[in-house]
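1. sequence first, predicted model second:
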Amino acid sequence: MAKMAASVLDNSEDAFRKIFKFYKRRDLPPDFRDVTDFCSGAAGEKIVPVKLNPAAVRDGDAVSVGLKPIRDWRAFSLQGYPGFIFISNPFLRGSQAYWVRQCLKTYPQKPNVCNLDMHMPLSDTQDIWGRSAQVLRFASSEKRQAKTLLEKLRWVTLGYHYNWDTKTYSANHFTPFPSDLHALSFRITAACGFPGFSSEAAILNYYRSDSSLGIHVDESELDHSWPLLSLSFGQSAIFLLGGPRKQDPPTAMFIHSGDVMLMSGPSRLLYHAVPRIVPAPQERAAVLEDFSSASSLQEGSMLEAVAEEDWAVCSRYIQSSRVNVTVRQVLGPGQSFPEMPPISVQRSDEGRTDGYHNESADGDRWKRKRSCSGSDSVGTKET
């Protein structure tokens, strides 16, 4: 990374933004030789193996949410990034399909909130899966001109819903957090040394092949002593992890399907970004093709097998897309939200609303977009 950074940086632009543009560019594909890949097993000079406590989560409890026993996880940290933990695909074979299905079919449904609500009547976004599944299951993308609602999905919020205008959470904009996602998050955070984590909010980002996520830091949660948890499914991505200042040069790393990241302590408020989606490597692509096998689910699992007709839609979607889930604890012990006026949706004459989308190329400021989904930016925060 040092060699690449030296070759692209100059005094006219900060280090993070320059490297972001380097990996995002389309006219001349970037060189990925300096990108850290935890999946390959090739330990770079910054990679440090992490030994997690197998007793933190019972084997049966891990298996129940589709995870391997902790003793079989491959966990790492990075020199210079205390509090950052990367876990290379701790999921049991067959279990990722359940979480992909939940992200595409279950979590986008009402009463949860998504980007499409800002541009369409709420009645039209009541059943995004139902209005998209038949088309995705049978029609090839080459024969279709219009995208389905599922393909237009850019973000979904769960629990305390993030307000893109004020960059805050509030008590009066809340829906029950999914119990299965909390169970998964509770076990992973406990394994990483954070027992008692409460899943209070989540942002799901949906990336197409040309999507990116601008430079930002996650600081809206009222208590920063709890970690940010990130889960990835589908195609791979380049993730940039910088420093406490947006000018600090970042480290580039691959995130593949099933990989988990946790940012805590000093790494909790670091700048980060996703400049590029890349095809999954061969070994992960093979898993993506067959991980819906019902026989792969272990006895005692709380996960249900994915129906063949559902997997036909999920499989088609993730062949060219990535889903990322970030789970957060918003409040600390004894904390409560300040009094806020009720949330209202202000619609324009065209029945649309303005939504915030993160700049995908030029920095970390939020800007308004009138387009429903035409931007190549995912338009939300991710960890």
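-> Happy to help now that I have it.
2. which residue is the nearest non-sequential neighbour of C103?
-> Closest residue in space to C103, ignoring its immediate chain neighbours: V323 at 4.7 Å, by CB to CB, 6 or more residues apart in numbering. For the C-beta atoms, the positions are set from N, CA and C on the backbone; glycine is no exception.
3. partners of the one you found in the sheet?
-> Going by DSSP bridges, V323 is paired in beta bridges with Y206, F233.
4. and the pLDDT at it?
-> In this model, V323 is scored at 98, pLDDT.
5. what sits against it?
-> The neighbours of V323, taking CB atoms under 8 Å, 6 or more residues apart in numbering as the test, are V100, C103, L104, L204, N205, Y206, Y207, S232, F233, G234.
6. relative to W155, how far out is the second one?
-> To tie it back to what came earlier, the one meant is C103. With distances taken as CB to CB, to the nearest Å, C103 is found 11 Å from W155.
7. pull up the overlap in contacts between those two.
-> In contact with both C103 and W155: L204, using CB under 8 Å, 6+ apart.
8. just checking, what packs against the biggest helix by length in the chain?
-> Longest helix of the chain, by residue count under DSSP state H: helix 179-191. Contact analysis of helix 179-191 by 3 or more CB pairs under 8 Å, 6 or more residues apart in numbering; DSSP states H and E lists helix 59-64, strand 228-234, strand 260-263, strand 322-328 as its packing neighbours.
9. want to try JSON lines for those, with distance to L241 as columns?
-> Shown next, in JSON lines, are the helices and strands packed on helix 179-191 (distance: least, CB to CB, whole Å):
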{"stretch": "helix 59-64", "distance to L241": "26"}
{"stretch": "strand 228-234", "distance to L241": "11"}
{"stretch": "strand 260-263", "distance to L241": "8"}
{"stretch": "strand 322-328", "distance to L241": "14"}
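10. among these, which is nearest I87?
-> Smallest distance to I87 across these (CB to CB): 4.1 Å, for strand 260-263.
11. you'd agree N163 is up against T157?
-> No - look at N163 against T157 with CB atoms under 8 Å: they stay out of range, at 9.3 Å.
12. quick one: which of these two has more around it?
-> Neighbours per residue (other CB atoms under 10 Å) separate N163 from T157, with T157 holding more: 22 against 17.
13. so which residue is dead centre in this protein?
-> The residue lying closest to the centre of the chain (CA atoms, centre = their mean) is N324, at 2.1 Å.
14. and for Q335, the neighbour number?
-> Q335 has 9 neighbouring residues, counting by other CB under 10 Å.
15. would it count as being in a helix?
-> No - counting by DSSP: H, G, I helix; E, B strand; the rest coil, Q335 falls outside a helix, being coil.
16. got phi/psi on it?
-> Phi and psi for Q335, reported as degrees, to the nearest 10, are phi -80, psi 150.
17. without its sequence neighbours, what residue ends up closest to it?
-> Nearest one to Q335, counting by CB to CB, 6+ apart, is L222 at 5.5 Å.
18. same deal with L116?
-> Using CB to CB, 6+ apart, the closest residue to L116 is T125 (4.7 Å).
19. my guess is that neighbour meets D117, correct?
-> Yes - in this structure, T125 is within contact of D117 by CB under 8 Å, at 5.4 Å.
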